[in-house]
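> build the 3D model from these lines:
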Amino acid sequence: MSKLRERLLDASRSGVYRTSGVEALDDAVRGTRLNYAKVTLPVSATKASLLNATARALAFPEWFGENWDALEDCLTDLSWREADGHVLVFAGLEPSDDVGILIDVLSASAAHWSARGKPFFAVLVDPERLLPVADLYRER
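As a prediction, this is how the structure comes out:
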């Protein structure tokens, strides 16, 4: 088993991280029971586009209220996406106040799942290293 796969299966390591690309993640989750979803955002994403892209990628239920609290409610439920854990990849993020709030919501969701023994990783594709998150793994 790869070290990245081991990390993604370890609930105690849940959190929000960065990577420069998704190829290694694609390989690491293949054959696992992790829910793997990719959220692709438009350039200069707004709060509405962040919420809508996430809702679409994770097939949020109709009751999703399209605000930050509702996003956290859905991310800490995910009962409609039966899995042993969750790996969400966000591509197209640029530093902004809304992205900062998104990172906070993702961090709270990761803490929620970790406390329940289920891995939850939000991985931001950030090759320029502009966002205030740690690296998921050491890339060559």
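
> if we ignore the residues flanking it in sequence, what's nearest His112?
Thr76 (4.5 Å; Cβ to Cβ, 6 or more residues apart in numbering). No exception for glycine: its C-beta is placed from N, CA and C like everyone else's.

> hmm, Ala111 and the one you found touching each other?
No - with contacts counted by Cβ atoms under 8 Å, Thr76 stays clear of Ala111, the gap being 9.4 Å.

> next one: phi and psi at the most centrally placed residue in the chain?
Nearest to the mean C-alpha position of the chain, by Cα atoms, centre = their mean, lies Ala122 at 2.3 Å. Backbone geometry at Ala122, expressed as degrees, to the nearest 10, gives phi -110, psi 120.

> for Cys74, see how far away it is.
13 Å (Cβ to Cβ, to the nearest Å).

> what does Lys47 give?
With the distance defined as Cβ to Cβ, Lys47 ends up 15 Å from Cys74.
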